[in-house]
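Colleague: Pasting the sequence and the predicted model now:
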Amino acid sequence: MQRHDVVVVGAGLAGQRAALAAIQAGRDVAIVSKLHPLRSHSGAAQGGINAAVGKEDSVETHTYDTVKGSDYLGDQDAIEFFCQSAGPTVVEMEHFGTIFSRGEDGSLARRPFGGAGFPRTIYAADRTGLALLQALYEHLGTQPYTLYEEWDLLEVVVRDGRVQGIVALDRRTGEFAEIAAKAVIMATGPAGRIYGRTTNAHSCTGDGIAASYRAGAFLKDMEFVQFHPTALLESGILITEGARGEGGILKNASGERFMTRYAPHVLDLASRDVVSRAIVTEVKEGRGFPGGYVHLELMHLGKERIESRLQEICDFSRKFAGVDPVTQPIPVMPAQHYMMGGIGTNLRGETNVPGLYSAGEAACVSIHGANRLGGNSLLETLVFGRQAGEAAASYVATAPSPVLHETDLDQAVTPIRSMWGRTDGEDPQRLRTEMQTTMDSLVGIYRTAGELEEALRQIRALRQRFARVRIADTSAQFNLNLIDALETGNMLELAEVIVVGAIARTESRGAHSRLDYPKRDDVAWLKHTLAARGPGGPVLSYAPVTMTRFEPKERVY
Ligand SMILES: Cc1cc2nc3c(=O)[nH]c(=O)nc-3n(C[C@H](O)[C@H](O)[C@H](O)COP(=O)(O)OP(=O)(O)OC[C@H]3O[C@@H](n4cnc5c(N)ncnc54)[C@H](O)[C@@H]3O)c2cc1C
């Protein structure tokens, strides 16, 4: 059995930054990742990373914009710390070798992003995530650590009230193994594949969130799901907010710049929840194009600017929608993009389970509250990745040695063996597709009690069917049928938490928009949802939001 002080699950920006911090504190660190680190979804991030670095901008404004963007559900102490850490974090990444785009005078170029009072999104053309990920990965390569590549986390083992390690699957051999660790940092990223129409990669299945929930961690604010306003019509591939940051505008079928009606001051650069609702309303009220979509126009920006600042957007539009943004509008509709909720942590990345930490999109600190601002998530991975790494490193200094038993492995693996043993049963792919259809059609941008209740009934029925899931492929190596089943089980568990939280929250705040409760209700609902796993499903409780300087006001853009 392998042993380490700290096991980081996930090798995206959050996992790598957490690992670096723990290694630098002198700990023996391992990273477990189901993908090669550079294939993590962080590498798909396009538009940029926020930091108030210019003379005209300020940490104060970044803080206020983030609080307002969160619809006042973000914890203000965490947001203050986050925005103060932004400048040093970006400079550190630059010193690690990230090649950011530059202005004429050689300073870091910045573009305006939605919901931001100032152009503060620093970028590397429209490949910012990849630029950051490569630089961090190279830097991490100079440090001593063990990488378990193409290993899938199955379960976190908790005994005597604290973490003892994990059980994982080595995809390449098909062997199951235990890794003992005093601390586990969950940095497994997004869960967007719960939806069918999403900008998230196929690997974004929320495994670590689900495993932490099973291990006793609270999940926080899971009902808040972000829909990005502009994804390509058919494929759901993201068209970065940077396209509107560069001056792109949205138009309906009559050529009207409809955002003038929804956000008269900042128009196309209102926050994402506002723009997504505007697009869906235009289409619902018959002002979209036939088939249901709107146009994003970049043509007026000119070929040179479009092709230099938005290279990937040009490629994606040409290849996947058959349109050239230099001469034609891009057909777009919203798609699931980000989970504001996740494993509940404090500012140090600590969860309620001793020895279990989390950072990045899998975690909920919470700085995004009910709605995340574009460019704040890349920053979050780095700021709170480091926090979690440092906190775990200091915890292991005094934590007792972890003890794993053979029964821990058996407990995790027995259900899998029974999935293999069946001669007939449910196909995991089919259950996944049905779950995605339910979530797309009933738990989307606008929600009602009736639709959410129906979604819960359908998700619970799918969970029952999942108990009879069958893995038809019996091969050991790279068994994708098995991976599919594991991921689908995790996503079904999280889908239930999302829906239960959404039914309970009888108000509209940020991305959670209830047609039957259209107003924000600060008296009853200015609080975080916490979900614990009970025998009959999620058990909800609530926790206060930390306020420091900013009193809730109506949000107008
Ligand atoms: C298309 C797209 C564009 C975006 N653009 C921006 C942007 O411009 N600016 C911004 O701020 N944010 C952006 N975001 C959001 C941001 O990129 C993500 O929230 C962030 O990068 C997530 O980083 P992470 O380290 O938490 O997770 P990831 O980078 O997704 O890494 C997750 C890691 O966990 C591992 N993992 C998952 N499950 C398991 C398992 N069971 N066992 C072992 N390992 C596992 C994976 O192998 C991977 O290494 C974008 C997101 C998308 C989808």
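Modeller: Now that the structure is in, tell me what you want to look at.
Colleague: and stretch 71-91, is it in reach of the ligand?
Modeller: No - counting by Cβ under 6 Å from any ligand atom, the ligand is not contacted by stretch 71-91; separation bottoms out at 11.2 Å. Yep, even glycine has a C-beta here, placed from its N, CA and C like the rest.
Colleague: Tell me the buried residues in that stretch?
Modeller: For stretch 71-91, a neighbour-count test (16 or more other Cβ atoms under 10 Å) marks 71-83, 85-86, 89-90 as buried.
Colleague: same deal with stretch 535-544?
Modeller: By neighbour count, and taking 16+ other Cβ under 10 Å as the criterion, the buried residues in stretch 535-544 are 537, 538, 540.
Colleague: mind putting those residues in a markdown table, secondary structure included?
Modeller: Formatted as a markdown table, the buried residues of stretch 535-544 follow (DSSP: H, G, I helix; E, B strand; the rest coil):
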| residue | secondary structure |
| --- | --- |
| 537 | strand |
| 538 | strand |
| 540 | strand |
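Colleague: So which of those is the closest to the ligand?
Modeller: Out of the buried residues of stretch 535-544, the one with the shortest distance to the ligand is residue 538. That distance is 20.7 Å, counting by Cβ to the nearest ligand atom.
Colleague: For the closest one, name its beta-bridge partners.
Modeller: residue 533 (DSSP bridges).
Colleague: Was I right to think it contacts residue 500?
Modeller: Yes - the pair residue 538 and residue 500 qualifies as a contact (Cβ atoms under 8 Å) at a distance of 4.8 Å.
Colleague: returning to what we had before: in helices, which of the buried residues of stretch 71-91 fall?
Modeller: Cross-referencing those with the helices (criterion: DSSP state H) gives 76, 77, 78, 79, 80, 81, 82, 83, 85, 86, 89, 90 as the overlap.
Colleague: So the third one sits against residue 365, correct?
Modeller: Yes - taking Cβ under 8 Å as the definition, residue 78 is a contact partner of residue 365 at 4.9 Å.
Colleague: Would you pull up the residue in the stretch 351-500 of the chain closest to the ligand?
Modeller: Nearest residue of the stretch 351-500 of the chain to the ligand (Cβ to the nearest ligand atom) works out as residue 360 at 2.3 Å.
Colleague: Stretch 389-403 and the ligand in contact?
Modeller: No - applying Cβ under 6 Å from any ligand atom, one finds stretch 389-403 out of contact with the ligand, separated by at least 12.4 Å.
Colleague: What is the end-to-end distance of that stretch?
Modeller: From the first residue to the last, stretch 389-403 extends over 22 Å; the measure is Cα to Cα, to the nearest Å.
Colleague: Give me the residues contacting it.
Modeller: For stretch 389-403, contacts defined as Cβ atoms under 8 Å, 6 or more residues apart in numbering pick out 3, 5-6, 8, 17-22, 25-27, 159, 162-165, 180-183, 185, 348-350, 354-355, 357, 359.
Colleague: Which of those fall in strands?
Modeller: The subset of the contacts of stretch 389-403 located in strands under the criterion DSSP state E comprises 3, 5-6, 8, 159, 162-165, 180-183, 185, 357.
Colleague: Tell me which two in these are the farthest apart.
Modeller: Distances among the ones in strands among the contacts of stretch 389-403 were taken as Cβ to Cβ; the most separated pair is 8 and 159, at 20.7 Å.
Colleague: who has more neighbours, the two?
Modeller: The residue with more neighbours, out of residue 8 and residue 159 and counting by other Cβ atoms under 10 Å, is residue 8; that gives 36 against 13.
Colleague: give me the beta-bridge partners of that one?
Modeller: Under the criterion used here (DSSP bridges), residue 8 is bridged to residue 31, residue 185.
Colleague: these two touch, right, it and residue 20?
Modeller: No - using Cβ under 8 Å, residue 8 is not in contact with residue 20, being 9.7 Å away.
Colleague: so how many other residues sit close to the residue in the stretch 51-200 of the chain that the ligand sits nearest to?
Modeller: Of the residues in the stretch 51-200 of the chain, the one nearest the ligand is residue 189, at a distance of 2.5 Å by Cβ to the nearest ligand atom. Counted with other Cβ under 10 Å, the neighbours of residue 189 add up to 33.
Colleague: Let's see the pLDDT reported for it.
Modeller: Note on residue 189: pLDDT of 98.
Colleague: what do you get for the one 10 residues further on?
Modeller: As summarised for this prediction, residue 199 has a pLDDT of 97.
Colleague: For the residue in the chain sticking out farthest from the centre, grab phi and psi.
Modeller: The C-alpha centroid of the chain is most remote from residue 423, which lies 36.7 Å away (Cα atoms, centre = their mean). Recorded main-chain torsions at residue 423 are phi -90, psi -30, according to degrees, to the nearest 10.
Colleague: Please name the residues that touch it.
Modeller: Residue 423 makes contacts with residue 470, as judged by Cβ under 8 Å, 6+ apart.
Colleague: Phi first, then psi, for the nearest residue to residue 206 once chain neighbours are set aside.
Modeller: Spatially, and ignoring its direct neighbours in sequence, residue 206 is nearest to residue 191 (2.7 Å; Cβ to Cβ, 6 or more residues apart in numbering). Dihedral pair for residue 191: phi -130, psi 30, per degrees, to the nearest 10.
Colleague: residues in contact with residue 488?
Modeller: 205, 428, 429, 431, 432, 435, 466, 469.
Colleague: measure it to residue 469 for me?
Modeller: 7 Å (Cβ to Cβ, to the nearest Å).
Colleague: any common contacting residues for those two?
Modeller: When Cβ under 8 Å, 6+ apart defines a contact, the residues bordering residue 488 and residue 469 alike are 428, 431.
Colleague: List the buried residues in stretch 406-420.
Modeller: 408, 409, 412, 416, 419.
Colleague: Now for the residue of the stretch 351-500 of the chain closest to the ligand: which residues touch it?
Modeller: Contacts of residue 360 were listed using Cβ under 8 Å, 6+ apart, and they are 10, 12, 13, 14, 15, 187, 189, 380, 381, 384, 385.
Colleague: Ramachandran coordinates for the fifth one?
Modeller: Residue 15 has phi and psi values of phi -60, psi -40 when expressed as degrees, to the nearest 10.
Colleague: Contact partners for it?
Modeller: With contacts defined as Cβ under 8 Å, 6+ apart, the neighbours of residue 15 are 8, 9, 31, 33, 37, 40, 185, 187, 188, 359, 360, 385.
Colleague: try it again with 7 Å
Modeller: For residue 15, the contact set (Cβ atoms under 7 Å, 6 or more residues apart in numbering) comprises 8, 31, 187, 385.
Colleague: Also residue 144?
Modeller: Counting by Cβ under 7 Å, 6+ apart, residue 144 has contacts residue 23.
Colleague: Where do the helices of the stretch 251-400 of the chain begin and end?
Modeller: 259-262, 272-284, 303-309, 311-316, 376-396 (DSSP state H, counting those that start in this stretch).
Colleague: I'd like the ones you listed as JSON lines, with mean neighbour count, distance to residue 524 and mean pLDDT appended.
Modeller: As requested, these are exported to JSON lines (neighbours: other Cβ atoms under 10 Å; distance: least, Cβ to Cβ, whole Å; pLDDT from 0 to 100):
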{"stretch": "helix 259-262", "mean neighbour count": "16", "distance to residue 524": "26", "mean pLDDT": "96"}
{"stretch": "helix 272-284", "mean neighbour count": "22", "distance to residue 524": "20", "mean pLDDT": "96"}
{"stretch": "helix 303-309", "mean neighbour count": "15", "distance to residue 524": "45", "mean pLDDT": "93"}
{"stretch": "helix 311-316", "mean neighbour count": "19", "distance to residue 524": "42", "mean pLDDT": "94"}
{"stretch": "helix 376-396", "mean neighbour count": "26", "distance to residue 524": "27", "mean pLDDT": "98"}
